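Novice: okay, sequence plus prediction incoming.
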Amino acid sequence: MTVSDINLKTIEALRLGDHNAFDQVFIVYYFKIKNFIYGLLKSEADAEELTQDLFMKLWINHEKIDPQKSLNALLYTMARNAAFNFLEHKLVHDSFISRYPQAESSESPDELLFAKEKELLIRLMVQQMPVQRKRIYQMSKEEGLTNDRIAQELNISKKTVENQLSLALKDIRNVISCFLAIFL
């Protein structure tokens, strides 16, 4: 069964509460949605949990489905929002831990979740950076290279490396600050 097999009749049946229609949608979309979320979170367990939650919400809210609108768009929007909400929660958690390190020793599930959300937010921010800034940031933070080494490998000045790292860190701080201002 493929996405093209999900037609208007199937979507209307789902809206009316037909379990077989839900099963068809689930079979067609489950792994696609899970892989999409995994691409954002890089966590199999979190992607699995969010995907299950998404389909549970779809079933709970089946009466609100508009058969005239794209089910594909609806599911991917729900998946994106679930991943971003997961990330936001994680960011708040990580910020709390960084402010109150004594709380980290307890390693509650909320704290671990917050750490993952912060990491995801940073990862998403890095993915949106200009190509050169992204590469310099990754070489510095992920590969652990010195500014001199990065400059040498990319055939650019050390000052350019320093400026790009400064801009990258500023971007990340701004995103985290905005998030914290909203949720703390």
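Specialist: Perfect, thanks for sending it. Model, not experiment: these values are computed from the prediction.
Novice: what sits against His62?
Specialist: His62 makes contact with Leu14, Arg15, Leu16, Gly17, Phe22, according to Cβ atoms under 8 Å, 6 or more residues apart in numbering. (Each C-beta comes from the backbone N, C-alpha and C, glycine too.)
Novice: could you dump the residues you listed into TSV with neighbour count added?
Specialist: Conversion of the contacts of His62 to TSV gives the following (neighbours: other Cβ atoms under 10 Å):
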residue	neighbour count
Leu14	25
Arg15	16
Leu16	12
Gly17	11
Phe22	17
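Novice: what are the ranges of the helices in the chain?
Specialist: 8-15, 19-41, 44-60, 71-99, 109-127, 131-137, 147-154, 158-183 (DSSP state H).
Novice: which one of those has the lowest average pLDDT?
Specialist: For those, the stretch scoring lowest in mean pLDDT is helix 109-127; its value is a mean of 76.
Novice: which helices and strands does that one pack with?
Specialist: Other elements packing on helix 109-127 under the criterion 3 or more Cβ pairs under 8 Å, 6 or more residues apart in numbering; DSSP states H and E are helix 19-41, helix 71-99, helix 131-137, helix 158-183.
Novice: mind saving the C-alpha coords of that helix as PDB?
Specialist: Taking Å, rounded to 0.1, in the frame of the first residue of the first chain, the C-alpha atoms of helix 109-127 are listed here in PDB:
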ATOM      1  CA  PRO A 109      13.500  12.300  32.900                       C
ATOM      2  CA  ASP A 110      12.500  15.900  32.400                       C
ATOM      3  CA  GLU A 111      16.100  17.000  32.700                       C
ATOM      4  CA  LEU A 112      17.300  14.400  30.300                       C
ATOM      5  CA  LEU A 113      14.500  15.400  27.900                       C
ATOM      6  CA  PHE A 114      15.500  19.100  28.200                       C
ATOM      7  CA  ALA A 115      19.100  18.200  27.400                       C
ATOM      8  CA  LYS A 116      18.000  16.500  24.200                       C
ATOM      9  CA  GLU A 117      15.700  19.400  23.200                       C
ATOM     10  CA  LYS A 118      18.600  21.900  23.600                       C
ATOM     11  CA  GLU A 119      20.900  19.700  21.600                       C
ATOM     12  CA  LEU A 120      18.200  19.400  18.900                       C
ATOM     13  CA  LEU A 121      17.700  23.200  18.800                       C
ATOM     14  CA  ILE A 122      21.400  23.800  18.500                       C
ATOM     15  CA  ARG A 123      21.600  21.100  15.700                       C
ATOM     16  CA  LEU A 124      18.700  22.800  13.900                       C
ATOM     17  CA  MET A 125      20.300  26.200  14.200                       C
ATOM     18  CA  VAL A 126      23.600  24.900  12.900                       C
ATOM     19  CA  GLN A 127      21.800  23.300   9.900                       C
END
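Novice: noted, bye for now.
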